[in-house]
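# curious how this folds, go ahead:
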Amino acid sequence: MGPRSIRGPGAFVFLESGAVALRAKTKTPKAEVKKAPLPFSKAVWKAVRAIPRGQVRSYAQVALYAGRPGAARGVGREMATLPQQPELPLPWWRVTRSDGTLAPQVAQEQARRLRAEGVEVTQRGDTFRVKVPREVPAPGLATKRQR
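Numbers count the residues shown, from 1 in each chain. Below you'll find the model as predicted:
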């Protein structure tokens, strides 16, 4: 049996059978690599964009509209990255906790933006709160008619 040798990209590769193969270069410059958002991220962004002006949704409601019921924490992680990404024009300030409290890290800015849209924001000490609707009908679905 012949020697086995593997070197860097584009080098010869000697196989045990004695055959020689060339390995193609697979390096891509880091500047050209752009990661596409994950499907969950895109779904969350779409759900957040759909929140009408002057209304709020909880993380759990956004997860439900994104097609991932129970993924409220994932929505929270997505929302935490949005204020640092000004190139994504999403109304992140319309998403709150299920009890209506605003995240302490961005509460001042979030309250200012919500008030500008006509949402009533109450403040007690350092805690800001809005009223989150209990049930929001799914987009495109008709609600039951009262008899």
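# run a quick neighbour tally on residue 81.
Counted with other CB atoms under 10 Å, the neighbours of residue 81 add up to 11. Glycine gets a C-beta too; all of them are placed from N, C-alpha and C.
# give me the contacts around the host helix or strand of it.
Per DSSP states H and E: residue 81 is located in helix 72-81. Contacts to helix 72-81, defined as CB atoms under 8 Å, 6 or more residues apart in numbering, come from residues 40-41, 44-45, 48, 58-60, 62-63, 66, 68, 92, 95, 98, 103, 105.
# same thing but 6 Å
Here helix 72-81 makes contact (CB atoms under 6 Å, 6 or more residues apart in numbering) with 41, 44, 59, 60, 62, 63, 92, 95.
# likewise stretch 94-114?
Contacts to stretch 94-114, defined as CB under 6 Å, 6+ apart, come from residues 51, 56-58, 60, 62, 79, 93, 121, 127-132.
# from the residues you listed, which land in strands?
Secondary structure from DSSP state E places 57, 58, 121, 127, 128, 129, 130 of the contacts of stretch 94-114 in strands.
# for the residues you listed, work out which two are farthest apart.
The most widely separated members of the ones in strands among the contacts of stretch 94-114, counting by CB to CB, are 57 and 127 (19.4 Å).
# neighbour count winner among those two?
residue 57 (23 against 11).
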